[in-house]
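Engineer: Generate a structure from the sequence data that follows.
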Amino acid sequence: MCGIALIVSGIRIDLSPSTLSQSPNPEPLVTVSVDDLKAALRRRGPDSLGSKKVILQYNKNLSSVEDRELVSVVIEDAEIENDQSYLQNCSNGKAGNYNQLGNIGELQFIGATLQLRGLNPIIQPFVDSYGNVLIYNGEIFGGIHVESDRNDGEVLMQTLANCCSCGSNGHTGPCSVAGHGCNSVPNVFSTIKGPWAIIYWQESSRTLWFGRDAFGRRSLVVHWPTVKDSRFLLSSVSPFSSVYQSSDFEVENGTHHNFWEELSCGIYSLSMDASKLHGYLAGDVKKHEWGNAMLSELIKWERVSFNPKPDELHGSLNETLEGQRHRHTASSDIVTFESGPDQTMVSLPAHNVLSALRKSVILRASQYRIFEAVRCYSRQEEHIPAMELTYLNVSFDGQSAPDRISAKAGVKELRRIAPLRRWKLVEIDSDLSKLTLEMKHVMSLINPANTYMDLNIGVALWLAASGDGWVSERPGNNSDEDQQRLRYKSEARIVLVGSGADEQCAGYGRHRTKYRCGGWHGLNEEMKLDVQRIWKRNMGRDDRCIADNGKEARFPFLDEDVIKVLLDIPLWEVTNLDQPSGTGDKKILREVARMLGLHEAAVLPKRAIQFGSRIARESNRNVFGSNRAANQASAGSVVINRS
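Structural biologist: Presented below is the predicted three-dimensional model:
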């Protein structure tokens, strides 16, 4: 996990309707400084922090505006405060003498890194010999080959350096320059399997590229230029100061204006032209199509089979894999099940989902393990530390919260079916009345999300990702009654999160309502809406809250291959909302749980984290006086009063 930010100034940017998501409104005066951004990003990337500037200039000696040639110079972080002396002694082969140049714009790149890959320490921004600059927050799980001892950001930089300039003009297909094919920047971005947010300066085309993956698994918020602040800003997170200066400024029509907004998923370019405006640099923002056909299909989220005929509904129960005997091994699965999976009949769709999820989890959990093994080998260390699997649970009601009860039962079940693994349950107890400063901090993290539901979820995730709580240990071979509760803080740097499961498998209560009112078609449309807006409602917020602890969130259910497998399965095989809660909702995942021997977990009812941890109940009492009053006020959608 990394934190990235960009400040663009001195450029008059033309925003097309496809990039600007809201109409111009009056705005508060907000000051966002470089130091504010660095402080916020450093929490996400504790291993290193760097900054570089790209200075944009034109030759003042050319009389014709049309003939002006745009040139750029990259300045190191230590030299930013002394730009002029540096530029006077700098030449990139085109710039000539500094006195003949006029500064018209600058781009400042800031990168903080949580390094999980690569043997050699890295510092962002990446800069290559061509003058390209990259800041990157993501993981490459496929699409671009990355050796086990390499950092994926460095590999991505090398791949982008080989790109042509065609994409900057709106072309997304492969080009044929000098008789050989080469990729455009949008094509490379579209190839990446995994979460990412990227900001990239392409020197050859004088183009700034930026964007986030198709499902928004990595946060990127934006401030589009306005009258009061003409800068163009991108950041992984909004600094604390900017949130409380704006405080969701209310405009005349009663709507709220926020300095920051979530950047819509996609690939964008900002191309520069020094000839359009006399004395100024004009910038044109465009949004590009994805260059990957499979990814485009996943974004559409169109399921072929969602309205069953009576014979299909009953016949699907007979389509099984009989007598399958899968003995999972450490080399093929994340968990070695000593008892093997459930030996009962297994449906083909559930088997396919289990296979896809197994690959997804292995990839996300073992990749860092491989990195640790290679690093230990390079240091000639004899032993690799054993991997410990930590289960994080947050409760605002001690041992009585539903999620705490389920967590303890779940770990007990995991220990039964996988006794050779080291399972640890970290119990994180909290009380809203003691979190005054922490609540304000989380408010800045969830921004631009701004409801009490967002805050409750954000606080629960933030506390969970901290890994700071209690563990229960048995001295010797004593019984459970003799357990000692000890203080513990998890040092894990990767957090596996189940985001996307409810959206894709009909786990929300409103899915049952849509099914009752609109049948299979109504349910399918609601699920499609949930998946297509998950970037805005969930992913950016969740990423910001988890990453603030210097941890990286990984989402197995939002793996591109898992999404495709679930889409290929008829909807009636995924869920059956004619059955009661705990049975028909997320039916296919319950079947997968039974295949793994998790019979108790397979029948647990769905509970959102804000209800299972009971933070919503405590919040409702504090803000509205009671749960009943909160329900009458539709508390979940009420905007937070930050004053």
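Engineer: what's the burial count for residue 405?
Structural biologist: For residue 405, the neighbour count with other C-beta atoms under 10 Å is 15. Using the backbone N, CA and C atoms, a C-beta is placed for each residue, glycine as well.
Engineer: how far away is it from residue 601?
Structural biologist: 12 Å (C-beta to C-beta, to the nearest Å).
Engineer: Flag every buried residue along stretch 601-608.
Structural biologist: 601, 602, 604, 606, 608 (16 or more other C-beta atoms under 10 Å).
Engineer: May I have the phi/psi pair for residue 57?
Structural biologist: phi -140, psi 160 (degrees, to the nearest 10).
Engineer: ok, what's across the strand from it?
Structural biologist: Applying DSSP bridges to residue 57 gives these bridge partners: residue 71, residue 103.
Engineer: Surely it is in contact with residue 106?
Structural biologist: No - taking C-beta atoms under 8 Å as the definition, residue 57 is not a contact partner of residue 106, at 9.6 Å.
Engineer: which one of these two has more residues nearby?
Structural biologist: residue 57 (24 against 21).
Engineer: pLDDT-wise, which helix or strand of the chain ranks last?
Structural biologist: Between all helices and strands in the chain, the lowest mean by mean pLDDT, DSSP states H and E belongs to helix 83-88, at a mean of 42.
Engineer: ok, so what distance separates residue 608 from residue 112?
Structural biologist: From residue 608 over to residue 112 (counting by C-beta to C-beta), the distance is 31 Å.
Engineer: Low-confidence bits of the stretch 101-250 of the chain, can you list those?
Structural biologist: 101-103, 167-181, 242-250 (pLDDT under 70).
Engineer: who's in contact with the closest residue to residue 496 other than its chain neighbours?
Structural biologist: Nearest non-adjacent residue to residue 496, counting by C-beta to C-beta, 6 or more residues apart in numbering: residue 554, 5.6 Å away. For residue 554, the contact set (C-beta atoms under 8 Å, 6 or more residues apart in numbering) comprises 139, 195, 364, 365, 494, 495, 496, 497.
Engineer: quick one: the second one and residue 218 touch, right?
Structural biologist: Yes - with contact defined as C-beta under 8 Å, residue 195 and residue 218 form a contacting pair (4.8 Å).
Engineer: Which neighbours do the two have in common?
Structural biologist: residue 138.
Engineer: Spell out, range by range, the helices that occur in the stretch 451-600 of the chain.
Structural biologist: With helices called from DSSP state H, counting those that start in this stretch, the stretch 451-600 of the chain shows them at 452-466, 501-505, 509-532, 534, 540-547, 560-568, 571-574, 587-595.
Engineer: so which of these comes closest to residue 144?
Structural biologist: helix 560-568 (13.6 Å; C-beta to C-beta).
Engineer: in that closest one, what counts as buried?
Structural biologist: Using 16+ other C-beta under 10 Å as the test for burial, helix 560-568 gives 560, 561, 562, 563, 565, 566, 567.
Engineer: and if you look at stretch 619-635?
Structural biologist: 619, 620, 623, 624, 630, 635.
Engineer: Nearest to residue 302 among those?
Structural biologist: Distance to residue 302 across the buried residues of stretch 619-635 (C-beta to C-beta) is lowest for residue 635, with 34.8 Å.
Engineer: Return the list of helices and strands in contact with the helix or strand residue 297 falls within.
Structural biologist: According to DSSP states H and E, residue 297 maps onto helix 293-300. Applying 3 or more C-beta pairs under 8 Å, 6 or more residues apart in numbering; DSSP states H and E, one finds that helix 293-300 contacts helix 560-568.
Engineer: and the angle for the helix it packs on with helix 509-532?
Structural biologist: Per axes from the mean of the first three to the mean of the last three C-alpha atoms, to 10 degrees, the angle that helix 560-568 makes with helix 509-532 is 130 degrees.
Engineer: how about helix 560-568 as PDB, C-alpha atoms only?
Structural biologist: The C-alpha trace of helix 560-568 is given here as PDB (Å, rounded to 0.1, in the frame of the first residue of the first chain):
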ATOM      1  CA  GLU A 560     -11.100 -10.200 -12.000                       C
ATOM      2  CA  ASP A 561     -11.300 -14.000 -12.500                       C
ATOM      3  CA  VAL A 562     -13.600 -14.400  -9.400                       C
ATOM      4  CA  ILE A 563     -16.000 -11.800 -10.800                       C
ATOM      5  CA  LYS A 564     -16.100 -13.500 -14.100                       C
ATOM      6  CA  VAL A 565     -16.700 -17.000 -12.600                       C
ATOM      7  CA  LEU A 566     -19.600 -15.600 -10.500                       C
ATOM      8  CA  LEU A 567     -21.100 -13.800 -13.600                       C
ATOM      9  CA  ASP A 568     -21.000 -16.900 -15.600                       C
END
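Engineer: Now do that helix against helix 293-300: the angle between them, please.
Structural biologist: Inter-element angle recorded for helix 560-568 and helix 293-300: 60 degrees (by the same axes, to 10 degrees).
Engineer: What angle do helix 587-595 and helix 560-568 make with each other?
Structural biologist: Relative orientation of helix 560-568 and helix 587-595, computed by the same axes, to 10 degrees: 120 degrees.
Engineer: roughly how far out does helix 560-568 sit from the chain middle?
Structural biologist: Here helix 560-568 is found 19 Å from its chain centre; the criterion is C-alpha atoms, centre = their mean, to the nearest Å.
Engineer: ok, residues contacting that helix?
Structural biologist: 142, 193, 294-295, 298, 301-304, 352-353, 355-357, 359-360, 500, 504-505, 556, 574, 588.
Engineer: so where do the helices sit in the stretch 151-300 of the chain?
Structural biologist: Using DSSP H, counting those that start in this stretch, helices in the stretch 151-300 of the chain cover 152-161, 185-191, 240-246, 293-300.
Engineer: between those helices, which gets nearest to residue 400?
Structural biologist: The nearest among the helices of the stretch 151-300 of the chain, by C-beta to C-beta, is helix 240-246 at 33.7 Å.
Engineer: what are the ranges of the strands in the stretch 201-350 of the chain?
Structural biologist: 207-212, 221-223, 232-235, 249-250, 256-257, 261-262, 266-277, 280-288, 320-321, 346-347 (DSSP state E, counting those that start in this stretch).
Engineer: Can I get these in TSV including mean neighbour count and distance to residue 37?
Structural biologist: Converted to TSV, the strands of the stretch 201-350 of the chain look like this (neighbours: other C-beta atoms under 10 Å; distance: least, C-beta to C-beta, whole Å):
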stretch	mean neighbour count	distance to residue 37
strand 207-212	25	15
strand 221-223	21	11
strand 232-235	24	6
strand 249-250	15	20
strand 256-257	16	21
strand 261-262	20	16
strand 266-277	20	19
strand 280-288	19	20
strand 320-321	14	53
strand 346-347	21	50
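Engineer: can you put those in JSON lines and add distance to residue 32?
Structural biologist: As requested, these are arranged in JSON lines below (distance: least, C-beta to C-beta, whole Å):
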{"stretch": "strand 207-212", "distance to residue 32": "17"}
{"stretch": "strand 221-223", "distance to residue 32": "7"}
{"stretch": "strand 232-235", "distance to residue 32": "6"}
{"stretch": "strand 249-250", "distance to residue 32": "15"}
{"stretch": "strand 256-257", "distance to residue 32": "15"}
{"stretch": "strand 261-262", "distance to residue 32": "14"}
{"stretch": "strand 266-277", "distance to residue 32": "19"}
{"stretch": "strand 280-288", "distance to residue 32": "19"}
{"stretch": "strand 320-321", "distance to residue 32": "56"}
{"stretch": "strand 346-347", "distance to residue 32": "53"}
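Engineer: related to what we said a few turns ago, ok, of the buried residues of stretch 619-635, which one's closest to residue 235?
Structural biologist: Among the buried residues of stretch 619-635, and counting by C-beta to C-beta, the member closest to residue 235 is residue 619, at 27.5 Å.
Engineer: How about the contacts made by that closest one?
Structural biologist: 432, 452, 455, 456, 610, 635.
Engineer: Go again with 10 Å.
Structural biologist: Listed by C-beta atoms under 10 Å, 6 or more residues apart in numbering, the contact set of residue 619 reads 396, 432, 439, 452, 453, 455, 456, 459, 610, 627, 630, 635.
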